[in-house]
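Student: My questions concern the predicted model and sequence given below.
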Amino acid sequence: MKKKACKKCKMFVEGNQCPVCKTDVFSQSWQGRLQIMDASKSIIAKKIGINQNAEYAIKVR
């Protein structure tokens, strides 16, 4: 089964609501993965505006 990603913040979600942006709009059509291990030290996380450690999709349709 393919993971579902939040269309707003692109975080992979298992429940019925995104823990970051509190939306319930998801997509199973995504490309690429980005794993943020330490958002406070990650240059990539700062550039794209992520401040929570999690797994994110790069592109969500």
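Tutor: Yep, it's here.
Student: Spit out the contact partners of Phe12.
Tutor: Lys3, Lys4, Ala5, Cys6, Arg33, Ala54, Glu55, Tyr56, Ala57 (Cβ atoms under 8 Å, 6 or more residues apart in numbering). Yep, even glycine has a C-beta here, placed from its N, CA and C like the rest.
Student: Could you rerun that using 10 Å?
Tutor: Going by Cβ atoms under 10 Å, 6 or more residues apart in numbering, Phe12 touches 3-6, 18, 26, 30, 33-35, 54-57.
Student: Pull out the buried residues from stretch 6-13.
Tutor: Buried residues in stretch 6-13, counted by 16 or more other Cβ atoms under 10 Å: Cys6, Lys7, Cys9, Lys10, Met11, Phe12, Val13.
Student: Quick one: the strands in the chain, in order.
Tutor: 4-6, 12-13, 26-27, 30-36, 54-60 (DSSP state E).
Student: Go through these and pick out the most buried.
Tutor: strand 4-6 (a mean of 23; mean count of other Cβ atoms under 10 Å).
Student: That one - which strands sit beside it in the sheet, and in what orientation?
Tutor: In the sheet containing strand 4-6, its partner strands are strand 12-13 (antiparallel), strand 26-27 (antiparallel), by DSSP bridges.
Student: So in this protein, where's the weakest helix or strand by average pLDDT?
Tutor: helix 43-48 (a mean of 92; mean pLDDT, DSSP states H and E).
Student: Need the contact partners of stretch 16-36.
Tutor: Stretch 16-36 has contacts (Cβ under 10 Å, 6+ apart) with 1-13, 15, 42, 44-45, 48, 50-61.
Student: Can I get that stretch in CSV, CA atoms only?
Tutor: Taking Å, rounded to 0.1, in the frame of the first residue of the first chain, the C-alpha atoms of stretch 16-36 are listed here in CSV:
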residue,chain,number,x,y,z
ASN,A,16,-7.1,11.1,9.2
GLN,A,17,-5.6,14.5,10.0
CYS,A,18,-2.2,16.0,9.4
PRO,A,19,-0.4,16.7,12.8
VAL,A,20,1.4,19.7,11.4
CYS,A,21,-1.2,21.8,9.4
LYS,A,22,-4.4,20.0,10.8
THR,A,23,-5.8,19.5,7.2
ASP,A,24,-7.5,16.3,6.0
VAL,A,25,-6.6,16.6,2.3
PHE,A,26,-4.2,13.9,1.2
SER,A,27,-2.8,12.3,-1.9
GLN,A,28,-1.3,9.0,-2.8
SER,A,29,0.2,10.4,-5.9
TRP,A,30,3.7,11.7,-4.9
GLN,A,31,7.3,11.5,-6.0
GLY,A,32,10.5,11.4,-4.0
ARG,A,33,11.1,11.3,-0.2
LEU,A,34,12.9,13.6,2.1
GLN,A,35,13.7,12.4,5.6
ILE,A,36,14.4,15.2,8.1
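Student: Okay then, goodbye and thanks.
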